[in-house]
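# A predicted structure for the sequence below; I have some questions about it.
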Amino acid sequence: MSFQKFIVVGSVGQDAEIKYTPTNKKVITFSIATSRPIGNQKFETDWHNIVYWYNNNDHNFYDTISSGDLVLVSGRVTYKKWTTAENVKQIRTEIVASEIKILRKKQKIDEDFPTEENLPLECEEAPF
């Protein structure tokens, strides 16, 4: 007997892409980045390709996965192998997710709410 489970926590690189198969099965794909130290204040980033197949009981909140969100993904690893027209062998590693948890949504700056980043450069003097 063998067992495989892959768990990763990382930041989403791009908004999730939603696709449908010819039989109308819904699938989302996205990538997440993880970083690990490799020396004195240096880090190396790894990118993980995530594939999630919806089932009938799922809610559509996975559609809201967007760049910068922190997510936890668990699932199994698969390897796609093919040869290009130029006869070059290719391999793509994918995590077929069985569970996705959005741990933290990236905060969006609300332009109507003043912050240090969106204050006007010149302000009138206070009237007191």
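Yes, it's here. None of these values were measured; they are calculated from a predicted model.
# In a helix, residue 62, correct?
Yes - when DSSP: H, G, I helix; E, B strand; the rest coil is applied, residue 62 is found to be in a helix.
# So in that sheet, which strands flank the longest strand along the chain, and in what orientation?
Looking across the chain with DSSP state E, the single longest strand is strand 89-104. Here strand 89-104 has these sheet partners by DSSP bridges: strand 42-53 (parallel), strand 70-83 (antiparallel).
# Let's have these in TSV, adding mean pLDDT and distance to residue 12.
C-beta coordinates here come from the backbone N, C-alpha and C atoms, glycine included. Listed next are the strands paired with strand 89-104 as TSV, based on pLDDT from 0 to 100; distance: least, Cβ to Cβ, whole Å:
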stretch	mean pLDDT	distance to residue 12
strand 42-53	92	9
strand 70-83	94	6
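# of these, which approaches residue 7 most closely?
strand 70-83 (4.6 Å; Cβ to Cβ).
# Please identify the buried residues of that closest one?
With burial defined by 16 or more other Cβ atoms under 10 Å, the residues of strand 70-83 counted as buried are 71, 73, 75.
# what sits against the second one?
Remark: with contacts taken as Cβ atoms under 8 Å, 6 or more residues apart in numbering, residue 73 is in contact with 6-10, 32, 48, 50, 95, 97, 99-100.
# Which PyMOL command selects the buried ones in those?
This is how PyMOL selects the buried members of those, with burial counted by 16+ other Cβ under 10 Å:
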select buried, resi 8+10+32+48+50+95+97+100
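# what comes up buried for stretch 16-27?
16, 26.
# what sits up against it?
28-30, 51-54, 62-66.
# Closest one to residue 107 out of those, please.
Using Cβ to Cβ, the contacts of stretch 16-27 come closest to residue 107 at residue 66, 11.5 Å.
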